[in-house]
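# All I have is the shape, not the residue letters:
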């Protein structure tokens, strides 16, 4: 399935915030040790006002000494009709400057019990520093 | 299998503590960005003095902007005879005010190698603000 | 597969750093609530200068009230030829003073899509307080 992640970095409506880091270091995306909590809107289409599908919520950390990689841990909670209340659980590494990042789908709940698979993430629109859209391709199967 | 999670929130013997959060915000369960580390006693029966089965240990974060959801990541480490030293690994979203929360069992170790499944959590007793008991139903299969 | 984890604790080139903890408590490995971010070099052989295989990156927390256990969440990102860009995702409990620790391999990406399994960790050399080597045996299968 193909979904879209809507990311905001506006001060008052940020999708992701830094909550911990190495004392004395800036808490930014390319600083080893920074920990973030995130809540992203997921939509069916690329447009911000397209059908809402759910939220991707979890925590991330800049996990490489050179700042290149984020370790991601989040759940994709569906809110649309058929899958309302079901989740997919994801974990993996995002190479921040790579064109396509791939992470693992480790499991799921309710309609997605016993699934596993993988997902790719690709930033496809970044109209401003404060807003970007990522394409999120998810491949799962039950086992 | 059905187990029970014994939660304490007493200052000196708390099962869960806040360790990070958004600077300047309160570190509570309904504040987006709060990160917790937890260690819960797991028992066979509902009573606190029933047979001890193990501990559920890991970290949680309030992961929705509206404060409703926690992202959970923990291992259930068994200490009782047959399963002593074996673990189940869990990840998922807890909708804090939902009657029944479902999270994913993503894998396990030793006696539980190659398993996956799901677990439901339901608060069944809350005799005080400082103590509550949750029913924890776990369904797993090997694959 | 058998790999080796090279850990440094030197101030300027540490593989692991504390980033959060209980306010007022020391942020060390045996203090409940301490959160760490880690980036370890993984090699083919036991020697530091043997073939580099990848990096193990993620976050850990001291997750037992008595300080004995760490909850681990990390990805093993391969950088060597055949598996370059592929990852394994791991989660579990490390009983810090146990001779052999076992954690779960929950999933993987690219060459390791749809896998699961388990891994054992054993500290085999600790020539100084600042440097140690762990043997990392990984067993996976696709499902």
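Perfect, thanks for sending it. Here the structure is a predicted model, which is why all the values come from computation and not from measurement.
# Run through the neighbouring helices and strands of the host helix or strand of residue A:4.
Residue A:4 belongs to strand A:2-8 when assigned by DSSP states H and E. Packing partners of strand A:2-8 (3 or more C-beta pairs under 8 Å, 6 or more residues apart in numbering or on different chains; DSSP states H and E): strand A:35-43, strand A:131-142. C-beta: built from backbone N, CA, C; applies to glycine.
# Nearest to chain C among these would be which one?
strand A:35-43 (5.8 Å; C-beta to the nearest C-beta).
# buried set for the next helix or strand after the closest one?
For strand A:35-43, the succeeding helix or strand toward the C-terminus, using DSSP H and E, is strand A:52-62. Of all the residues in strand A:52-62, those buried under the rule 16 or more other C-beta atoms under 10 Å in any protein chain shown are A:53-62.
# Can you tell me which of these is nearest residue A:132?
Of all those, residue A:56 has the smallest distance to residue A:132: 13.8 Å, by C-beta to C-beta.
# Need the helices and strands packed on strand A:2-8 in JSON lines (columns: distance to chain C and mean neighbour count).
JSON lines is the format used below for the helices and strands packed on strand A:2-8 (distance: least, C-beta to the nearest C-beta, whole Å; neighbours: other C-beta atoms under 10 Å in any protein chain shown):
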{"stretch": "strand A:35-43", "distance to chain C": "6", "mean neighbour count": "23"}
{"stretch": "strand A:131-142", "distance to chain C": "7", "mean neighbour count": "16"}
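# Name the residues that touch stretch A:58-73?
A:16, A:29-38, A:74-75, A:90-97, A:103, B:35, B:61, B:63, B:71, B:73, B:91, C:19, C:37-39, C:55, C:57-59, C:73-75, C:77 (C-beta atoms under 8 Å, 6 or more residues apart in numbering or on different chains).
# gap between the two ends of that stretch?
End-to-end span of stretch A:58-73 (C-alpha to C-alpha, to the nearest Å): 6 Å.
# Look at the residue sitting furthest away from the middle of chain A and tell me its secondary structure.
Most distant residue from the mean C-alpha position of chain A: residue A:24, 27.1 Å away (C-alpha atoms, centre = their mean). Classification of residue A:24 using DSSP: H, G, I helix; E, B strand; the rest coil returns coil.
# Return the distance of the residue nearest to the spatial centre of chain A relative to chain B.
Centroid-nearest residue in chain A: residue A:56, 5.7 Å away (criterion: C-alpha atoms, centre = their mean). Counting by C-beta to the nearest C-beta, to the nearest Å, the gap from residue A:56 to chain B is 9 Å.
# does that residue have beta-bridge partners, and which?
residue A:40, residue A:76 (DSSP bridges).
# quick one: contacts for residue A:46?
Contacts of residue A:46 (C-beta under 8 Å, 6+ apart): A:4, A:124-125, A:133, A:135.
# could these go into CSV alongside pLDDT?
Listed next are the contacts of residue A:46 as CSV, based on pLDDT from 0 to 100:
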residue, pLDDT
A:4, 96
A:124, 93
A:125, 89
A:133, 96
A:135, 97
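# In a markdown table, list those residues along with distance to residue C:11.
Formatted as a markdown table, the contacts of residue A:46 follow (distance: C-beta to C-beta, whole Å):
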| residue | distance to residue C:11 |
| --- | --- |
| A:4 | 43 |
| A:124 | 42 |
| A:125 | 42 |
| A:133 | 41 |
| A:135 | 42 |
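# chain center to the helix or strand encompassing residue A:89, what's the gap?
If you go by DSSP H and E, residue A:89 is part of strand A:87-95. In this view, strand A:87-95 has its centroid 7 Å away from the chain centroid, taken as C-alpha atoms, centre = their mean, to the nearest Å.
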